[in-house]
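*Asks:* Quick one: sequence and predicted model below, then my questions.
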Amino acid sequence: MKKGKLITLMLVFALSLVLFAGCGNNNDGDENQPATTQPAADNAGADTTADAEGREHYHFVMWMNYEWFDTSTIWGDDATSRYLRDRFNISLELQKPDTDPDIQMNLLIAAGDIPDAMMIDRGPHYFTMAELGMLHPLDSFIDAGSHYQRLLSQDVRNSARIGGTTYGILNWPTDETSPTGNNGFTLNAYIHDMLGNPPITTLDELYAYLRRVQEEVPTLDGAAIIPMRASIDDFYSFHGGIRALANDFGLFVDNDRLSLVYHDPAFVDALHFMNKLFNADLINRDIFIETDDQFLERLATGRVAAFVGNFAQHMRPSRIRMQEINPDHNLTIIPPPAAPGVDHVWMDHFNTIGWNVLAISADAEHPERIFELFDFLFSEEGTVIMYHGPEGYIWEEKDTQGFPYLLVDPNELSAQERADLGLFVWSFPGNSVVANNMGDAMLMRTPEEEWAWGEAYQRDFIWPHSRPFTEFFPIINDNTLNDPNESLAITLARFRDFHEEMIPRLVMAGSPEELDTILQSAISEAYAMGFESFAAHATQLWLDR
């Protein structure tokens, strides 16, 4: 990129920060300063000598652009990262935002000081960095016989290009024959059993069950029981909604167009149902301020009777801790309840391009070394290491497909044992097709009665309730909506902030009538900010797909 164009684009982007940062506070502190991206000293156990190819040890910063991401794990402290360190003579330091990710990413970009590598959404920041020439083009690496090229179809790879160039490695891409998803409707099995294992297939049955929990099991082992924990996205799913379309864009399929989700009768019914539960104290009163750590602690100590959660993030780790505390307690995943007239509930979604991207800075000293590590993790061998650690710990030998024979069920390891091995800690980039093929191959050679906890649940109750989302990819990847200087992108950003503020007000309304009044006001405000123009643009993208 020519220097004059770069300077002009940087000035334009700096001016756009005012629009995207919103009305932040005016404290005199330094909380809005960009986090440092300077590499810290490598951990003491690292080998800093040259490898067999004469390459010196290389250390880089890996930025996870999510405030919730756990970056406390230190490279080299577990068996998996030590294996990767020694094999590639490389180490990384995890960093994340210490304040609002959007604000902090804006500041890093404006300062021209982005980290060496990043996990980031395919959104305005990613597109802006590509346009400013701040990301390293990856096509020469990909086309040089990479696993990424071998294992991912050209159509999927091409769909993620920006202006004909690849700037990001897709994280957890798949194909439509290999669904992904993690969300499931889950019960505290101990409490469900205490109440006689009543069916929960309809919303009336769900409400009745939560009432019984509230009246018959108000406490357990001296701790108050929360009947249910779920979000508006979950209740919208129960009512037949496409949760990601509503949550990400505020839209629903309205016959042959996409319209404001506040007009969707299913969304309105979901709001009223959640409001009913909230006012009856059947969902936790702090649901809009509860942290993920608080939620996990409540799950592990058996204080939530029913919830919708993420299998990898919530169910599996909390169950391990739960059984360490009390072996008699357990979790069970069942098909989600459905509102009248809903034939199938979609609790999650997937598209072929996966979750987000891994991008490498144009200023990284050795981008090819970073790509080499990422490309390995995308492969069959890398997927085995990601899930099960290096050979000799919990597995020995592989089958003809390259998948391991386990000596120990990883789901039965303690939290500390899993941490020591680094299982699923260094899980980027992931390859959903390879991971699913590995899971299927290992499952089919194991008697069903010996399946690990969660295997059957994922196969029977989670993945079948994950909806293909590929039809909406043109909206996700639209250059206009990902350009922070475009008016429609600004409208979408404003609406997302507005929607996030409105949901608590709607759910906590004191009566159904108050909820309806707030909702009508929200509709007017959405249109006043230009939502109708955005919806028309999104509709055209969707129809032209």
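*Replies:* Received it, and whenever you're ready, just let me know what you need.
*Asks:* Verify the contact between residue 186 and residue 307 for me.
*Replies:* Yes: the pair residue 186 / residue 307 is scored as a contact, 5.5 Å apart, by C-beta atoms under 8 Å. Bear in mind the C-beta positions are built from the backbone N, C-alpha and C, glycine included.
*Asks:* Let me see the ranges of the strands in the stretch 251-400 of the chain.
*Replies:* Here the stretch 251-400 of the chain has its strands, by DSSP state E, counting those that start in this stretch, at 251-254, 257-260, 304-310, 331-334, 348-350, 356-360, 395-398.
*Asks:* And the fifth one, what does it pack against?
*Replies:* Packing contacts for strand 348-350, counted by 3 or more C-beta pairs under 8 Å, 6 or more residues apart in numbering; DSSP states H and E, involve helix 243-249, strand 466-468.
*Asks:* partners of the closest residue in space to residue 365 that isn't next to it in sequence in the sheet?
*Replies:* Among residues not flanking residue 365 along the chain, residue 58 sits closest, at 7.2 Å (C-beta to C-beta, 6 or more residues apart in numbering). Going by DSSP bridges, residue 58 is paired in beta bridges with residue 90.
*Asks:* Let me see the confidence value for residue 58.
*Replies:* According to the prediction, residue 58 has pLDDT 97.
*Asks:* pretty sure it is touching residue 369, no?
*Replies:* Yes: Residue 58 lies in contact with residue 369 (C-beta under 8 Å); the separation is 4.9 Å.
*Asks:* Those two: which is more packed in?
*Replies:* residue 58 (23 against 17; other C-beta atoms under 10 Å).
*Asks:* What is the end-to-end distance of stretch 227-244?
*Replies:* Using C-alpha to C-alpha, to the nearest Å, the end-to-end distance of stretch 227-244 comes to 25 Å.
*Asks:* Let's test this: mean pLDDT of that stretch, rounded?
*Replies:* 97.
*Asks:* And stretch 67-74, by the same measure?
*Replies:* 93.
*Asks:* which residues are in contact with stretch 172-180?
*Replies:* 152-153, 156, 348, 350, 352-355, 429-433, 436-437, 463-464, 466, 468, 470 (C-beta atoms under 8 Å, 6 or more residues apart in numbering).
*Asks:* in that stretch, what's buried?
*Replies:* When neighbours are counted by 16 or more other C-beta atoms under 10 Å, the buried residues of stretch 172-180 are found to be 172, 173, 174, 175, 178, 179, 180.
*Asks:* helix or strand for residue 169, which one?
*Replies:* Assigned by DSSP states H and E, residue 169 belongs to strand 168-171.
*Asks:* Show me the strands paired with the next helix or strand after that strand, marking each as parallel or antiparallel.
*Replies:* Going down the chain from strand 168-171, the next helix or strand is strand 183-188, by DSSP H and E. Its sheet considered, strand 183-188 pairs with strand 304-310 (antiparallel), strand 331-334 (antiparallel) by DSSP bridges.
*Asks:* Out of those, which is the most enclosed?
*Replies:* Ranked by mean neighbour count under mean count of other C-beta atoms under 10 Å, those are led by strand 304-310, which reaches a mean of 23.
*Asks:* can you list contacts of that one?
*Replies:* For strand 304-310, using C-beta under 8 Å, 6+ apart, the contacting residues are 182-188, 191-192, 200, 206, 209-210, 213, 217, 225-231, 234, 295, 298-299, 314-315, 318, 336, 347.
*Asks:* Let's see which of the residues you listed end up in helices.
*Replies:* Using DSSP state H, the members of the contacts of strand 304-310 that fall in helices are 191, 192, 206, 209, 210, 213, 234, 295, 298, 299, 318.
*Asks:* and of those residues, the nearest to residue 76?
*Replies:* Nearest to residue 76 among those, counting by C-beta to C-beta, is residue 318 at 27.5 Å.
*Asks:* Tell me the spatial nearest neighbour of residue 359, not counting adjacent residues.
*Replies:* residue 168 (4.6 Å).
*Asks:* Could you report the neighbour count for that neighbour?
*Replies:* Neighbours around residue 168, by other C-beta under 10 Å: 24.
*Asks:* from here on, count from 268
*Replies:* Shifting the count to begin at 268 puts that one at residue 435.
*Asks:* Quick check: it touching residue 390?
*Replies:* No: using C-beta under 8 Å, residue 435 makes no contact with residue 390, being 11.3 Å away.
*Asks:* Which helix or strand lies directly C-terminal to the top helix by length along the chain?
*Replies:* In terms of residue count, the longest helix belonging to the chain (DSSP H) is helix 754-774. Toward the C-terminus, helix 754-774 is succeeded by helix 779-795 as the next helix or strand (DSSP H and E).
*Asks:* quick revisit: in its sheet, what does the strand holding residue 436 sit against?
*Replies:* Here strand 435-438 has these sheet partners by DSSP bridges: strand 623-627 (antiparallel).
*Asks:* Could you pull out the strands in the stretch 268-417 of the chain for me?
*Replies:* 325-331, 357-362, 384-387.
*Asks:* Of those strands, flag the one that's most buried.
*Replies:* strand 384-387 (a mean of 24).
*Asks:* who are the neighbours in contact with residue 363?
*Replies:* With C-beta under 8 Å, 6+ apart, residue 363 has these contacts: 330, 331, 332, 333, 334, 336, 338.
*Asks:* Now do it, the pLDDT please.
*Replies:* So, for residue 363, pLDDT stands at 96.
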